[in-house]
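*Asks:* Need coordinates for the following:
(chains A and B)
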Amino acid sequence: MSLNPHSSEFAHLVTAWLDETATAEEAAQLWQAVAESPECALEFAAAARFESLLAETVQERAGEKTALRQVVAGQFKTPPQAKDRAPAARRWQMPLRAAAAIALLSSLAWLLWPAAETPKMAEISSPKPGTVPTVSHSPAAPVRRLPLVSPVAADAADTGGKSLPQRLDSFFLAGVALDQVPLREALGILQGQLQELNFLNAEALQKLRVTVPADAAGRRITFHSGSIAFLKAVRAVAALGGCEVTVDEPTLALILQRGIFPQVAERRDLRNILAGRVNADGTAAASDPDRLAALMADASSLGIALDPTRPLAEQASLPMTRGQWAALQLLTDTREQLSQFPMPNFQLYLTEGDPSEADKVIEEDQAKKMQANFQSTGTAPVAVVTPVLSPLFALGSQAPTLPPITAQPLGEVTQVTVNWSLPPSSAPTAAEPTPEQPAATTVTGVLLAGQGMSTMVDSATASRLSGSSSVSFSAFTNLVLLPDTNAPRP
Amino acid sequence: MTSPDHFLPLFLAAQPDVRAFIGAMVRDPVTREAVFQEVAMILWKKFSLYDPARSFGAWARGVAAHKIMEDRRLRARLPESCTAETLEALSIGFAKDDAEAVWQDRERALNYCLELLPERTAGFINQRYHDQRPVEVIAQEADMTVDALYQTLSRVRRQLRECVQRRLGLPLN
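*Replies:* Just a heads-up that it's a prediction; the model follows:
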């Protein structure tokens, strides 16, 4: 049976081959797929070409930067080779050197060209399409991402009094999408996400080890979630692989210990997951339709066979493995954890538009100065906003109309997003947005404690946010969010 | 009959693609470079046999495929399912991918995308692709497991590739 060229399984084979980590069986599978399927051949060709492009481009960039330093230092004498090569036949040296020189000169011109002011690419894992959207940067996509400002280098002692398990259980991944991934690889993916989101460069997180029993390493895992704490994700993945997790704090290790596998399906009542749980308003979770619907969605995502069109009360006894049950409990715990996630309050100011001040993270010191300045001039915030937990990062949610300001836990910090869109009447008629008129519809920034952010919004959005239609705003107004230290947290 | 003067422009234009094609089969960088140099020699020597009506890149890839298949040591490193027909299918895949966007456009887009990488990640990429350090060494120095670093590199490659696709206005998979 030929592989789907866009499946994670084929992607794994290609990656393993290009990384030279493929087993003999995986290598045979890959080339068999290439032989049988033109689509697989195309996908492998594209991956291999990109791999070569990446290697050559990185090498050329490093070579050019060295040459540029030499030019600046006045040591440039003869054009260096654009890349090191194995000894070539002499007849090639002149034309290849000429080509390298041409490439070098054109690349130097590129380096000296004014760099575009674009925010850095944030690295958030790309979950399965349709469940959690990919958040990535591109000038064509309606997202502007603010650079992380002044990341704090925390040492292992700076844990805010939390133990390692507590810390790992409050470190949020943006989402998890695993489809039939071997357990060892699945844990590697989660750990990779942890490292990527370790904004604070916490030593304990950098040094964290995850050990897997050898005979459990190849068990295939399928697991999807929205925002989830790292430790919960690891426990859920381990449970689905028939393992349990212990945290060894002194050695900074998560140790998986194997249990019985394969797991036998037993009949259980899903509603027992919600038994004894209470919502924030004091109502019983087991009788909350929203909680029941979420439970059914989570159960379906784990492969538990239920009929989504029938009430759960009519499907009291459903077969599921111990791992599925454990993973479902963890997903339910996650929903509760997110519902209790402390949201920072922000004071919202609207100021005269200044394009040069748009899309910035405001550092803590600057935020305090701005607040003091606003107070001294009698400028009141137009609103005090508590961001809503971004529904885009909830498993199974559709893309709704977003509230103006949303937030999401990311790693150990908070990602705040200002969501707004140009109303149809003010939509740019030109094919390309003009420099004065921002094209982005979301601006998102990872904020450390005490930081604020500013972005430019159109007058209609300013009017909406301020709740005032009588005040006239300039065509482009700065929206400034500053931490609100006054209002009590809800 | 093609003039030798025509060889260099054609070869320089196809050079990255030929390297990538060889790289798809030969992963060791030293061996890959040696094979490329040998293929380049063959292309020069046999240029008089090149049919200008045919794509130079396709012809060059065919020469590279033949070179690899007839070399016992290189052939031994490939699985049995990798036959001459398989390499022909791969060459067609290369041609289709090249038809979407030329190498130089992809290179420009990738340079842009590399600028967006956070410093730490860019460091991993540089160590892997420029310094050509083993992943095990990079992981040890970064206090990461080897698996975690492989996953990070895999994710970054995928993000960079998607960035390039978007930059060129090409569809994403």
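*Asks:* On the three-state scheme, the residue nearest the centre of chain B is what?
*Replies:* Nearest to the geometric centre of chain B sits B:A20, at 1.8 Å (CA atoms, centre = their mean). When classified by DSSP: H, G, I helix; E, B strand; the rest coil, B:A20 comes out as helix.
*Asks:* Now do it, the pLDDT please.
*Replies:* You'll see B:A20 listed with a pLDDT of 94.
*Asks:* Pull the number of nearby residues for the residue lying closest to it once chain neighbours are set aside.
*Replies:* Leaving aside its chain neighbours, B:A20 sits nearest to A:S52 (3.4 Å; criterion: CB to CB, 6 or more residues apart in numbering or on different chains). Where C-beta positions appear, they are placed from N, C-alpha and C, glycine not excepted. A:S52 has 22 neighbours, counted by other CB atoms under 10 Å in any protein chain shown.
*Asks:* what packs against whichever helix or strand A:S52 is part of?
*Replies:* Element membership of A:S52, judged by DSSP states H and E, is helix A:38-72. Secondary-structure packing of helix A:38-72 (3 or more CB pairs under 8 Å, 6 or more residues apart in numbering or on different chains; DSSP states H and E): helix A:8-18, helix A:24-36, helix A:90-112, helix B:7-25, helix B:84-100, helix B:103-115, helix B:119-129, helix B:146-167.
*Asks:* circling back to that earlier point, wait, isn't the residue nearest to B:A20 in contact with B:R19?
*Replies:* Yes - at 5.7 Å, A:S52 and B:R19 qualify as touching, with contact defined as CB atoms under 8 Å.
*Asks:* What is the end-to-end distance of stretch A:272-291?
*Replies:* With CA to CA, to the nearest Å applied, stretch A:272-291 spans 12 Å between its terminal residues.
*Asks:* Go through it and flag the buried ones.
*Replies:* Neighbour counts using 16 or more other CB atoms under 10 Å in any protein chain shown place A:I273, A:L274, A:A285, A:A286, A:D288, A:R291 of stretch A:272-291 among the buried residues.
*Asks:* State the distance from the residue of chain B most remote from its centre to chain A.
*Replies:* Centroid-distance maximum for chain B: B:D143 at 30.2 Å, with CA atoms, centre = their mean. The gap separating B:D143 from chain A is 5 Å, by CB to the nearest CB, to the nearest Å.
*Asks:* So which bits of the stretch 151-300 of chain A are right by chain B?
*Replies:* By the rule CB under 8 Å from any CB of the partner chain, the part of the stretch 151-300 of chain A lying against chain B is A:184-185, A:187-189, A:191-192, A:194-196, A:203, A:206-207, A:209-210.
*Asks:* Out of the residues you listed, which end up buried?
*Replies:* By 16+ other CB under 10 Å, those give A:R184, A:E185, A:L187, A:G188, A:I189, A:Q191, A:G192, A:L194, A:Q195, A:E196, A:E203, A:V210 as buried.
*Asks:* would the last one count as being in a helix?
*Replies:* Yep, that's A:V210 we're talking about. No - applying three-state DSSP, one finds A:V210 to be strand, outside a helix.
*Asks:* Surely it and A:V234 touch.
*Replies:* Yes - assessed by CB under 8 Å, A:V210 is found in contact with A:V234 at 7.1 Å.
*Asks:* before we move on, the earlier item: what's the farthest-apart pair in the buried residues of stretch A:272-291?
*Replies:* For these, the farthest-apart pair by CB to CB is A:I273 and A:D288; their separation is 12.6 Å.
*Asks:* Quick check: which element contains the residue of the stretch 351-490 of chain A found nearest chain B?
*Replies:* Nearest residue of the stretch 351-490 of chain A to chain B: A:V446, at 11.4 Å (CB to the nearest CB). Using DSSP H and E, A:V446 sits within strand A:442-447.
*Asks:* any idea of the mean pLDDT in that strand?
*Replies:* Mean pLDDT, strand A:442-447: 80.
*Asks:* Kindly report the same for stretch B:60-75.
*Replies:* 89.
*Asks:* check whether that stretch contacts chain A.
*Replies:* No - applying CB under 8 Å from any CB, one finds stretch B:60-75 out of contact with chain A, separated by at least 10.1 Å.
*Asks:* that older thread, by mean pLDDT, show me the worst of the helices and strands packed on helix A:38-72.
*Replies:* Comparing mean pLDDT across these, the lowest value falls on helix A:90-112: a mean of 37.
*Asks:* distance between the ends of stretch A:248-264?
*Replies:* 29 Å.
*Asks:* tell me which residues in that stretch are buried?
*Replies:* By 16+ other CB under 10 Å, the buried positions in stretch A:248-264 come out as A:L252, A:L254, A:I255, A:L256, A:R258, A:Q263.
*Asks:* Could you give the average pLDDT over that stretch?
*Replies:* 84.
*Asks:* Which other helices and strands does the strand holding A:V446 contact?
*Replies:* Contacts defined by 3+ CB pairs under 8 Å, 6+ apart place strand A:442-447 against strand A:143-145, strand A:413-419, strand A:452-458.
*Asks:* No further questions, thank you.
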